[in-house]
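Asker: Sequence plus predicted model, see below.
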Amino acid sequence: MSGTPGKISGGRALFSLVRDDSAMTGPYTDIPAVSMVAIGMILFCYIVMMAYSSYMSGVYYATTKDDIRAIASIVLHDPAIAFEGHPGVLDAVRMDGVKDHFYPGIGYPGSTVTAVINAGEYSWEFGKEAKGKSISYMLPVSVRLNEARCIPGTLTVTMWEEG
């Protein structure tokens, strides 16, 4: 490095760039700065709002997770659709016979609960789907089609919060 310390290659002192008062400002030079600050504030508010929304969503799922798991267990062990003496096994003949059966008061007040059993090409649905925020819980089940055939499937219980 050649030259005197604190000097720029043109011979001007390094601090003269910072302490230069000879620049003139126009009447509208502060508008870009104010707009940059406004954009920054808007982005900051958006990020805070998204973080809060994500936090509230996590709180909702954490508080209702155990409840929806309990509802799924109730549906799984319902004597109207379960195969007697075999936990986790649902009877296809019974499910066909009780298509309209479902617990009307199950879930939170103001919520709707649906249960869907999928077993390969077979499917059963109980309850009516609604709109709004929802949480689901899925359990593995076996579906007994007849005395000779039992196939794997899933029980999905969804609770819809209306409002």
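Answerer: Thanks, I have the structure now.
Asker: In a strand, residue 90, correct?
Answerer: Yes. Applying DSSP: H, G, I helix; E, B strand; the rest coil, one finds residue 90 inside a strand.
Asker: List the contacts of it.
Answerer: Residues near residue 90 by Cβ atoms under 8 Å, 6 or more residues apart in numbering: 76, 81, 82, 83, 117, 141, 142, 143, 144, 153, 155. Every C-beta, even on glycine, is put in place using the N, C-alpha and C of the backbone.
Asker: Go again with 7 Å.
Answerer: 81, 82, 83, 117, 141, 143, 144 (Cβ atoms under 7 Å, 6 or more residues apart in numbering).
Asker: from the residues you listed, which two are the most distant?
Answerer: 83 and 117 (12.6 Å; Cβ to Cβ).
Asker: what about the strands in this protein?
Answerer: 89-91, 111-119, 122-126, 133-144, 150-161 (DSSP state E).
Asker: Relative to residue 59, which of the ones you listed is closest?
Answerer: Comparing the strands of the chain by Cβ to Cβ, strand 133-144 comes nearest, at 12.0 Å.
Asker: Just name the shakiest helix or strand of this protein by mean pLDDT.
Answerer: helix 92-97 (a mean of 84; mean pLDDT, DSSP states H and E).
Asker: That one packs against which elements?
Answerer: Under the contact definition 3 or more Cβ pairs under 7 Å, 6 or more residues apart in numbering; DSSP states H and E, helix 92-97 sits against no other helix or strand.
Asker: at 8 Å instead, please
Answerer: If contacts are counted by 3 or more Cβ pairs under 8 Å, 6 or more residues apart in numbering; DSSP states H and E, helix 92-97 sits against strand 122-126, strand 133-144.
Asker: which other residues reach it?
Answerer: With Cβ under 8 Å, 6+ apart as the test, helix 92-97 has contacts from 80, 81, 82, 83, 117, 119, 122, 124, 143, 144, 145, 146.
Asker: Let me see the confidence value for the spatially most central residue of the chain.
Answerer: By Cα atoms, centre = their mean, the mean C-alpha position of the chain lies nearest to residue 57, the distance being 6.4 Å. Residue 57 is assigned a predicted lDDT (pLDDT) of 86.
Asker: again, but for the one 5 residues further on
Answerer: Predicted confidence (pLDDT) at residue 62: the value is 85.
Asker: Quickly note the distance from it to residue 68.
Answerer: In this view, residue 62 and residue 68 are 11 Å apart by Cβ to Cβ, to the nearest Å.
Asker: Same check on residue 107?
Answerer: Residue 107 is 9 Å from residue 68, by Cβ to Cβ.
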